[in-house]
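[1] output the structure for:
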Amino acid sequence: MKNAESERPVRVLTPGAVIALLLSVFFFWIWYERYLSIEFNELGRYYDAENHIVYTDAAFVWCLPAFGFLLLAIVILSYRLMLCRVNKGIA
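    Numbering: from 1, shown residues only. This is a model prediction of the structure:
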């Protein structure tokens, strides 16, 4: 796809989208490690006897930046795809 003004191809996968996707993957991994992979008791706690650490179920908040960065990447990619379609129609 060529941009009508500068005759350059329009890149769909921009560095901003790649960074947003990588950050989303990173936060999904943290969410899995700290919340989804642990079996909490009825009080919402998990005690790791080996390391003497108490984990609580408050770690679900790691899903918020994960979904936020995923939404950002989807918005960036859909905008760039829309630009490609518009430029294809112009040319």
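[2] who does the helix or strand bottoming out on mean pLDDT in the chain pair up with?
    None of the helices or strands of the chain scores lower by mean pLDDT, DSSP states H and E than strand 53-56, at a mean of 84. In the sheet containing strand 53-56, the strands it pairs with under DSSP bridges are strand 45-48 (antiparallel).
[3] and the strand it pairs with, how far out from the chain middle?
    28 Å (Cα atoms, centre = their mean, to the nearest Å).
[4] how far off centre is stretch 45-52?
    So, by Cα atoms, centre = their mean, the centroid of stretch 45-52 is 30 Å from its chain's centroid.
[5] actually stretch 74-91, not the one I wrote
    Using Cα atoms, centre = their mean, the distance from the centre of stretch 74-91 to the centre of the chain it belongs to is 21 Å.
[6] what does stretch 49-61 give?
    Taking the mean C-alpha point of stretch 49-61 and that of its whole chain, the gap between them comes to 24 Å (Cα atoms, centre = their mean).
[7] please apply the same query to stretch 24-32.
    With Cα atoms, centre = their mean as the basis, the distance from the averaged C-alpha position of stretch 24-32 to the chain average is 8 Å.
[8] what does it contact?
    Outside stretch 24-32, the residues that touch it by Cβ atoms under 8 Å, 6 or more residues apart in numbering are 59-60, 62-63, 65-70, 73. (Glycine included, C-beta is placed from N, CA and C.)
[9] burial measure for the residue nearest to residue 23 when sequence neighbours are not counted, as a count.
    Nearest in space to residue 23, with sequence neighbours left out and distances taken as Cβ to Cβ, 6 or more residues apart in numbering, is residue 69 at 4.4 Å. Residue 69 is surrounded by 20 other residues when neighbours are defined as other Cβ atoms under 10 Å.
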